[in-house]
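Student: with the input below, show me the fold.
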Amino acid sequence: MKFIDLSHTIEEGLITYKGLPAPIICDFWTREVSKAWFDDGTSFQIGKIEMVANTGTYIDTPFHRFDQGADLSEIALEQICRLESILITAPYSEQLAIGRSFFEGKELRNKAVIIYTGWDMHWKTETYYSNSPFLTADAAAYLVEQKVKLVGIDSHNIDNTGEKCRPVHTQLLGNSILIVEHLCNLQSVNQNQFFFTAVPPKIKGMGTFSVRAYAELE
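Tutor: Okay, the predicted model is just below:
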């Protein structure tokens, strides 16, 4: 089994969305301070992080869009672990709007649909934040019809950020289909069928959070 890491690294100063603050990462308990509590030069570090939930590669649950939707603590492991998955290639250089034709004729039921656009090549650049690839509302409706479990994309947003409506989030999360955004390294997934995992912490009252996403290839 081969593992492919599909997550961006979260680091001090990282901007995922313009207008949202970067994470602050520091020591809560330094190794030097901790030496006073132990014998023989033993020391430990305890870190501290302050960040918004939509940082790096993260998952959206229904609560992100709907106040009565399931939050991070209420999603089942079966929804996020070792999902049978299919890779859909939709290069951003050819189109930004990803319609239903990319998904028609494929076996999608109960699978994670992972969309490889190549947009992650612009990560941590000004280009990343605008005119990025997105799913159309019609594509989202088709994925709902096909009863997929999760949809992931290596883009800035699964919706068109040039508009104020969010039909893809609304349709997918409204039907308990989870979303993972800001994936990366999908070019290393060199097969169409694989297993996908993206697990966040189990937090009550939050609808999004960073994940360690990865693919398992046989």
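
Student: for this structure, give me the ranges with low pLDDT.
Tutor: For the chain, no stretch is flagged by pLDDT under 70.

Student: how does it look with 90?
Tutor: 41, 218 (pLDDT under 90).

Student: does the nearest residue to residue 60 once chain neighbours are set aside count as helix, strand or coil?
Tutor: Distances taken as Cβ to Cβ, 6 or more residues apart in numbering place residue 179 nearest to residue 60, at 4.0 Å, with adjacent residues excluded. Every residue, glycine included, has its C-beta placed from N, CA and C. Counting by DSSP: H, G, I helix; E, B strand; the rest coil, the backbone at residue 179 sits in strand.

Student: show the contacting residues for residue 179.
Tutor: 59, 60, 150, 151, 152, 158, 168, 169, 172, 173 (Cβ atoms under 8 Å, 6 or more residues apart in numbering).

Student: would you say the last one is within a strand?
Tutor: The one in question is residue 173. No: using three-state DSSP, the assignment for residue 173 is helix, not a strand.

Student: one step back: take the contacts of residue 179 and keep only those in strands.
Tutor: In this view, these that belong to strands under DSSP state E are 59, 60, 150, 151, 152.

Student: from residue 32, how far off is the residue positioned nearest the centre of the chain?
Tutor: Most central in the chain under Cα atoms, centre = their mean is residue 180, positioned 2.9 Å from the mean C-alpha point. Between residue 180 and residue 32 the computed distance is 39 Å (Cβ to Cβ, to the nearest Å).

Student: what do you get for residue 160?
Tutor: In terms of Cβ to Cβ, residue 160 sits 50 Å off from residue 32.

Student: these two: who's more crowded?
Tutor: residue 160 (20 against 10; other Cβ atoms under 10 Å).

Student: my read: that one touches residue 98, true?
Tutor: No: using Cβ atoms under 8 Å, residue 160 is not in contact with residue 98; the gap is 10.2 Å.

Student: the nearest residue to residue 30 once chain neighbours are set aside: what's it in contact with?
Tutor: Counting by Cβ to Cβ, 6+ apart, residue 30 lies nearest to residue 45, which is 6.6 Å off, once chain neighbours are set aside. By Cβ under 8 Å, 6+ apart, the contact set of residue 45 is 27, 29, 30, 31, 34.

Student: so of these, which ones are in strands?
Tutor: If you go by DSSP E, these have 27, 29 in strands.

Student: and the closest residue to residue 54 other than its chain neighbours, how far is that from residue 180?
Tutor: With sequence-adjacent residues excluded and distances taken as Cβ to Cβ, 6+ apart, residue 54 is closest to residue 208, at 5.4 Å. Using Cβ to Cβ, residue 208 is found at 10 Å from residue 180.

Student: and for these two, which residues touch both?
Tutor: Shared contacts of residue 208 and residue 180 (Cβ under 8 Å, 6+ apart): 58, 59, 60.

Student: wait, the last one sits on residue 169?
Tutor: Yes: using Cβ under 8 Å, residue 60 and residue 169 qualify as a contacting pair, with a distance of 6.8 Å.

Student: compare the two and say which is more crowded by neighbours.
Tutor: Taking other Cβ under 10 Å, residue 60 and residue 169 do not tie; residue 60 has more neighbours (24 against 21).

Student: great, nothing more from me.
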